Structure formats: C-alpha cells, structure tokens
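Colleague: could you work out the structure for the sequence below:
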Amino acid sequence: MPDDLALWPATELAAAIRTRKLGSEELLDHVLARVERLNPAINAVVTLDEAGARGEARRADALTARSSPADLPPLHGLPITIKDALATAGLRSTGGAEELLDFVPTVDAPAVAAVRRAGAVIFGKTNLPRWSGDFQSFNAMFGTTNNPWDVTRTPGGSSGGAAAAVTCGMSSFELGTDIAGSIRMPAAFCGVFGHKPSYGIVPGQGYLDQVQGGVIEADVNVIGPLARSAADLELLLGIIAGPTSDKAPAWRLELPPPRHANLGDYRVAAWLDDPALPIDPSQHELLERAAAALEAAGCPVDRRARPRLDAREAWLLGQGLIGAATIASADDASFANLAKRADAADPNDADTLPVRVLAGRHRDWLGHHRRRTELRQVWDDFFTAYDVLLCPVTLRSAFPHLHEGSLISRSMKIGGVDRPYLEMIAWTSLIGLAYLPVTVPPIGLDAEGLPVGIQVVAPYLHDRSALHVGAALADLLGGYQPPPMALSLPHP
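Modeller: Numbering: from 1, shown residues only. Sure thing, here's the model as predicted:
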C-alpha cells in the first residue's frame, strides 16, 4: 500500500472502499500507523479508541463484501477523528477543559451522529484550546498542538488539532466548530480546505463550551468540515446539514445550487485589504494572485467593491456578540472583572462595545443584535450585485506559539507593526457575525513557506456558491499540498 494513500481526498478513499480496492480495516491500520509516527511531533490526536474503531472497520468490511457499491453509505468505512469540542458517544470528550477530563457522552452531537450514520469510523479526538477559546490549540491536559509545516508555530485555533490531523493524513476528514474563525483560521494555517456553513443549517447541539454545554445552539457558532478537497467539503456539508431533531417532523433544508454553472458568469468582489485591518504584505501578494487567477480564467473581479459598512465597527460588533455567546465558559473572577469594566464603560463609545456585551448586559446584546440585523441587510444588498466576495482569513500566516498573557494582553507584529492579538480574528468575525457561509481553499505558500488561505464568502444559504468558487480557485492554484513531514514516511 502506498504510504501517501492516507493523503487522498475522502471522496477518493470512500470510492476505493466501495469498489473493494481498499478495506476499511486496512485503511484504519494505515492511518493509525501515521498517528503513531507523526503525532508525537504534532500532538493533534489526544484520545484514541483503536479497539472500538477496529470492530467498526471489520463490520464495514463485512458489509462491503455482501453489498453492491451503490448500496453503501457515502462515508462507508472511512477512519476519522473528531474535534474534542463535539460530544462523541462512548469516547472521552473534554472541550479542552479539565472539568470534563473523564466525561464520556452517551449520545453523539447531531453532526457526529450524521457522519457516523453515513458510515464513518470514529477512532479518536483532536486537540483544541480550553473551551475552544483561543486562536491556538493548547490546554493544561493535552499540551500544545504544533503546525505540521513548522512545529514552532501554531496550527491555529480552535480546530487546530483537527486541521493538523487532516493535513498529515491522520484522519480522512474532520468536523470542527467555528464561532470566530475556528475552522477558517486552522484551514488557512495548515493548508487544507474548510467550510463555515451558513448559521443554523447544521444542528449545533453537542458543542462543549462549558461544563453543562451542548444543550443549546450558541449564537454565531457553527459546525463544519475540514478536508483535503473542495469535493470532500461538498459531500460532508450535504451529510451534516439539516433541521434539528425537534424541527425535523416539519422542516426540510434545500440549499440552492451554485448561482452559476460556469465560473466566468460569477460576479466576484475582492476586498483584499482595508486601512482599518491591514494584513501582512506576503498575505496580500497571494490574495491578489488568487484574484488574478480567476480573472485569467475568464471571471471578472471587482477590486473596488465593498459592502456599505465600517470594517472596524463590524468586527468590534462581531467580537462583542461572539464574546457574549462564549461568556458562560468564563470563571467567576473573570466575569466579575468584566462586569466592573462594563459599569465604568462609556455606553456612547463604540470601542467599549465588546466589554459591555461580554459582561452579559442583555439590553446591550439586544441593541447589538439589532445592529447585526441591519448589517445583514447591508450584506444582502451587496450580494444583489455580486455573487461572492474574496477577503483575507486573517492578518498573517501561522505565527509562533504565544502562550503568555491573555487574549487581551497579547500582541504580535504584522508588517513590522505591533497589533493587538484579538485583531487576528477581525476578518473572520465581521463575516461570521452576519451568519454568512465561507469556504476557505489553500492558495499557496508565503515568503516563509507557510500556507495561506482565502475566504470565499457567499450570500446567506448560498453555501454551494462559496464551495463552487473555492473549488475553482483550488484547481487554478494547486489546492492541497502535504507538508514535507507528511511525505515519504518509512513503513513501520
């Protein structure tokens, strides 16, 4: 068996299993061998259930032997890991927090149940920050996950372990979560594909962001796939999207097809930088290259088009609403400090918006939710003239591990200038707060040899348009390429 088999897209692996060119247990053995050899350096996979997975793989092979390919489910026999923020029945699921160190759910999160019903074989969980609350992936229980392209750097967060596992062929695909860029940033930092679905189309229960989490769907947060091809994302979205169980008796989800069949018919806007949120020049060069590739393929790109919003105001609004959705995971001391700061804040000062919303002032939240609704209309108006928007994922590529301090006190250099750490999620937040779907394809390596991605943003519920253009960009620019450490591994 070729060692790079585990680096194939999930769709190709599934086809090989269905046609009996590859066995599920055979692939599981291959993937587990990669985990044994690569994971000590990467620390992406933090919990394993080899025995349980092997039993599932053998049952999958028995079903293959007595079934026609057309009768097998779409993910039949694929060995996968799941981000540790998602409840997984029979498998330790911690949310990255010591409080859940011994928590073993009895019920899957709905998205996990969906991929399991579709035939996937779950063998492990992947690392993340505590309660998914950082742009890096480290916690007190499992330590730090490293970027496969440079182990001195982060794979991003909070789905960093998920992205690193997919990048190295330690999982056929992954399920991650994204509230402020937690799928999009790791996809970009690790050089894989990620899709943040439109808010509300994938059931969000089972997300562990506090001790008693998983019962409600957090505002802004979504569950979505990470994979090695856009075709994988398309397949996986179709499997996990649908109504929640309480709505299933009456509701149906029918996402519209891509707005156009031909790439040249798309009206593309490119918002590649902004004075309020300037990005690293190396990033800008690759983003411009992506826009130029679409133009060369016959797709018109408007670089002056902008939604009628203030970028700084929008991202601060997003930061506040995201914070309000995650405040339940804060400890009592942190919450008390936020409350004091909120009491002293000027309610007419836009810069105090995040702290006032974070502190749980419900009236503040309602006012900012109203403003979000107005901005969603701004986006709707924008997408009457354009089909998709290209914009940065973040300010720079994968940065060196930075664990000292807090989200608020940390800073980093972007283009030689010290910038607040929180600005790393500015571009993802201003998109996410409006509930828009985003596909992130890899678009190349920067001057330091690190992967860069781009946000392909589509109108609400037009996920398939984002996926379509994201796939086209990958075809034009080369798509997923494995990091050197994942290639030419010696056989065990």
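Colleague: so Pro442 bridges to which residues?
Modeller: Beta bridges link Pro442 to Gly453, judged by DSSP bridges.
Colleague: wait, what's in contact with Arg20?
Modeller: Shown in contact with Arg20 (CB atoms under 8 Å, 6 or more residues apart in numbering): 64-65. All C-beta spots, glycine's among them, are computed from the backbone N, C-alpha and C.
Colleague: Ala57 versus that one, what's the distance?
Modeller: 14 Å (CB to CB, to the nearest Å).
Colleague: equivalent analysis for Ala33, please.
Modeller: From Ala33 to Ala57 the distance is 14 Å (CB to CB).
Colleague: who has more neighbours out of those two?
Modeller: Remark: of Ala33 and Ala57, Ala57 carries more neighbours, 23 against 16, as counted by other CB atoms under 10 Å.
Colleague: what residues does the host helix or strand of that one touch?
Modeller: Here Ala57 sits within helix 50-65, counting by DSSP states H and E. Outside helix 50-65, the residues that touch it by CB under 8 Å, 6+ apart are 17-18, 20, 23-25, 27-28, 32, 72, 76-77, 79, 90-91, 119, 121-124.
Colleague: among these, name the buried ones.
Modeller: 17-18, 23-25, 27-28, 32, 72, 76-77, 79, 91, 119, 121-124 (16 or more other CB atoms under 10 Å).
Colleague: neighbours around Val107, how many?
Modeller: By other CB under 10 Å, 14 other residues sit near Val107.
Colleague: what is the burial count for the closest residue to it other than its chain neighbours?
Modeller: Leaving aside its sequence neighbours, Val107 sits nearest to Ala89 (CB to CB, 6 or more residues apart in numbering; 5.6 Å). When neighbours are defined as other CB under 10 Å, Ala89 has 16 of them.
Colleague: show me what contacts Ala89?
Modeller: Neighbours of Ala89 in contact, by CB under 8 Å, 6+ apart: 105-108, 112.
Colleague: most surrounded residue in those residues?
Modeller: Val112 (26 neighbours).
Colleague: touching, that residue and Ile82? I think so.
Modeller: Yes - at 5.9 Å, Val112 counts as touching Ile82 under the criterion of CB atoms under 8 Å.
Colleague: mutual contacts of those two, please.
Modeller: 88, 122, 175.
Colleague: may I have the secondary structure class of Pro225?
Modeller: Of the three states, Pro225 takes strand under DSSP: H, G, I helix; E, B strand; the rest coil.
Colleague: ok, and the closest non-adjacent residue to it?
Modeller: Nearest non-adjacent residue to Pro225 (CB to CB, 6+ apart): Leu236, at 3.8 Å.
Colleague: tell me which element that neighbour is part of?
Modeller: Going by DSSP H and E, Leu236 is in helix 230-240.
Colleague: then that helix to CSV, C-alphas only?
Modeller: Coordinates of each C-alpha in helix 230-240 appear next as CSV, following Å, rounded to 0.1, in the frame of the first residue of the first chain:
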residue,chain,number,x,y,z
ALA,A,230,-13.5,21.0,-2.0
ALA,A,231,-15.4,17.9,-3.2
ASP,A,232,-15.0,16.5,0.3
LEU,A,233,-16.5,19.6,1.8
GLU,A,234,-19.5,19.5,-0.6
LEU,A,235,-20.1,15.8,0.3
LEU,A,236,-19.8,16.4,4.0
LEU,A,237,-22.0,19.5,4.1
GLY,A,238,-24.8,17.5,2.4
ILE,A,239,-24.5,14.9,5.2
ILE,A,240,-24.4,17.1,8.3
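Colleague: pLDDT of that helix, averaged?
Modeller: Average pLDDT, helix 230-240: 98.
Colleague: name the helices or strands packed onto that helix?
Modeller: Other elements packing on helix 230-240 under the criterion 3 or more CB pairs under 8 Å, 6 or more residues apart in numbering; DSSP states H and E are helix 10-18, helix 110-117, strand 193-196, strand 222-227, helix 463-477.
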